[in-house]
Structure formats: structure tokens, C-alpha cells
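Colleague: Below are the sequence and a predicted model for it; my questions follow.
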Amino acid sequence: MANPVSRYAILLVVLTAILLGGCASRTPAPVIERGAVPAKGPTSAAQPARPGEFHTVRKGDTLYSIALEHGQSYRDVAAWNNIDNPNVIRVGQQLRIAAPEGVAVVKPIAGPAAVEIRPIATGAPLDTDILKREPKGGKQPYTEQAMATVQKPDEAHPQQPAAPPRAEPRPEEPVVGSELNWAWPSGGRVISPYVEGSGKGVDIEGRIGEPVHAAEAGKVTYAGSGIRGYGNLLIIQHANSLSSVYAHNSKLLAREGQQVARGQKVAELGNSDADQAKLHFEIRRQGKPLDPLKLLPPR
């Protein structure tokens, strides 16, 4: 009969062997690293800003003056920059002043350049003898006499000096802004003309309360007094990125967002933020001032 102690020892050894074998056969549990969920699809690098896409706010700037300077609606500029209060901007702030590029513009592939065919000048005789002789062909062995013959000028047909090319008349380029049918905004005389580089429009003399008419059909994009030096101001946006500006009014009759017709009364002349009663009138293209006297009809 076996000793009870030895039987327990044997049983303990067997159990230990079974446990060790089971642990050896198990595979380690996988390690899961929990991090950020990867974005779907390829990531694109940030696009660099295009020239003229942003404006740095300077001292004295307002959202309204910035919009006028760049030929935009102040409401669009506010929307592009997530501005809730148009009266709150800070010096040094970068403001987007062009619409964000949403859809890529595919430019058409340019075709082959046209071949310009110049006709022979009328009246010039066609020298068939030259066409028969030139270019000279044939081969002959080298001799001093042959070389002298080649270098000898052609006495029968002396070379005539080439006539200078005739300058083609250049078509006159249309004046920028002349594609619209402009009308005078008021009936007074011009007391201050447009001066490039120092002025932005013309001043038209008048009396307080006289009518101010829209110079062309369009949409009112601003009606207020938020731009220093312009008083009660009206801005109308027209086709082809053109806009007209009416300043120093005593009363504004058109409202923002309103469509107005050419010749429609939109304001009354005044002297707001001015030294006398007058209408300050501007025509701009993408914010750049143009000479109104080159676009308005003569009178």
C-alpha cells in the first residue's frame, strides 16, 4: 500500500504539468491601440492664398469701406469671414475679400494657333525668272573659277532693298465700362472732375432735395452712412463687375437688396459729410475707380 504523502506528491506533480502545458498552448491576447479614427479618403494639403484674396485691416478701416475698396458687398465679406456684427473688426485682422474657390474651373484646351497667310502686295510683278532659278541646285567640282562665279553678284537681277513692312492699323480698344448704357445721375454741372491717382469720382453741383437717379440698372448693395467721408451713401452693383456710388445724399430712397432701373430716383441730393450740397458720383470696376466722364453721355 502506497504512502499517502507520496500519492499526494505524485498528484501535485501531474496537476502542475497539466497547468503548465495549457498555459504554453495559449496565444497572447492582441493589443489594440485606440487612437484617432483615420479620415476617409485622401487628405489634401491646404491651398495657398491667391493674390488679392485677403485684406489686412488697417486703422480707420470699416467692413463697409473694405467692401467698397474691393468691389464687394459688405454682406458677402461678412459671410465669408463669419462676422456676425459688421461693426466689429480689429486692426491687423485678415479678411477674405474674394469668394472662396468652391469649384475648380476647367479651362478649355487651346487649339493650334492659326496660320497667318499674307498675300503678295498688289502691283508687284511676279518674277517668274527668280522662281525658276532659285534656289540654285546642282553640284559641281570645286575650282577657284567655280567659287568666284558663286561669289559674284547677280548683275542681271540686282538685289533690291526690302520694303519696310506696312504697319497694320490697330483697332481701338473699347473704354472699360462702356459696355453699359450709362446716364447722368443728376442734372447739375461738374464742379470737380475725376483725377486719376488722387480722386475717385466727380462732384456734381446741386441743391438739397434734388433727385438722384440710378445711372444704370442694378441691385443696391449698400444704403447707409458707415463709410467715413461719404455721408449718406448708396452703392448699386451692375453687370460686368461694375458698380456706381452716390454720396452726400440728404435722403436715401432705395433699400439694400432692391433692384433698380436706369433713371429711377434712388436718393435726394444733400450735403451730408460735405462742405456744400453736391452729389459725389463714382463708377468702379472690381473696386477700381474709373473716370465717369468717359462713360457718361456728353451734354
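Modeller: Looks like it arrived, so ask away.

Colleague: mind listing what's buried in stretch 59-70?
Modeller: Asp61, Thr62, Leu63, Tyr64, Ser65, Ile66, Ala67, Leu68, Glu69, His70 (16 or more other Cβ atoms under 10 Å). No exception for glycine: its C-beta is placed from N, CA and C like everyone else's.

Colleague: gap between the two ends of that stretch?
Modeller: Using Cα to Cα, to the nearest Å, the span of stretch 59-70 from its first residue to its last is 17 Å.

Colleague: sorry, back to before: give me the subset of the buried residues of stretch 59-70 lying in strands.
Modeller: Assigned to strands by DSSP state E, none of the buried residues of stretch 59-70 qualify.

Colleague: nearest to Asn81, of the residues you listed?
Modeller: The shortest gap between Asn81 and any of the buried residues of stretch 59-70 belongs to Leu63, at 8.8 Å (Cβ to Cβ).

Colleague: Who are the contact partners of the closest one?
Modeller: Counting by Cβ atoms under 8 Å, 6 or more residues apart in numbering, Leu63 makes contact with Tyr74, Val77, Ala78, Ile83, Pro86, Asn87, Ile89, Leu95, Gly226.

Colleague: gap between it and Leu296?
Modeller: The gap separating Leu63 from Leu296 is 30 Å, by Cβ to Cβ, to the nearest Å.

Colleague: In a strand, Gln145, correct?
Modeller: No - using DSSP: H, G, I helix; E, B strand; the rest coil, the assignment for Gln145 is helix, not a strand.

Colleague: Enumerate every residue touching it.
Modeller: If a contact means Cβ under 8 Å, 6+ apart, then Gln145 has no contacts.

Colleague: okay, it: pLDDT?
Modeller: Per-residue pLDDT puts Gln145 at 73.

Colleague: Likewise for Gly60?
Modeller: 85.

Colleague: and Leu95, what are its phi and psi?
Modeller: The phi/psi pair for Leu95 (degrees, to the nearest 10) reads phi -110, psi 130.

Colleague: That one and Val77 touch, don't they?
Modeller: Yes - at 6.4 Å, Leu95 and Val77 qualify as touching, with contact defined as Cβ atoms under 8 Å.

Colleague: list the residues that contact both of these two?
Modeller: Both Leu95 and Val77 are contacted by Leu63, Ile66, under the criterion Cβ under 8 Å, 6+ apart.

Colleague: Which of these two has more residues huddled nearby?
Modeller: It is Val77, of Leu95 and Val77, that has more neighbours when counted by other Cβ atoms under 10 Å, with 22 against 19.

Colleague: secondary structure element for that one?
Modeller: For Val77, the element it lies in under DSSP states H and E is helix 74-80.

Colleague: Closest to Ser272 out of the contacts of Leu63?
Modeller: Gly226 (12.4 Å).

Colleague: Quick one: neighbours of that closest one, just the number.
Modeller: Neighbourhood size, Gly226 [other Cβ under 10 Å]: 17.
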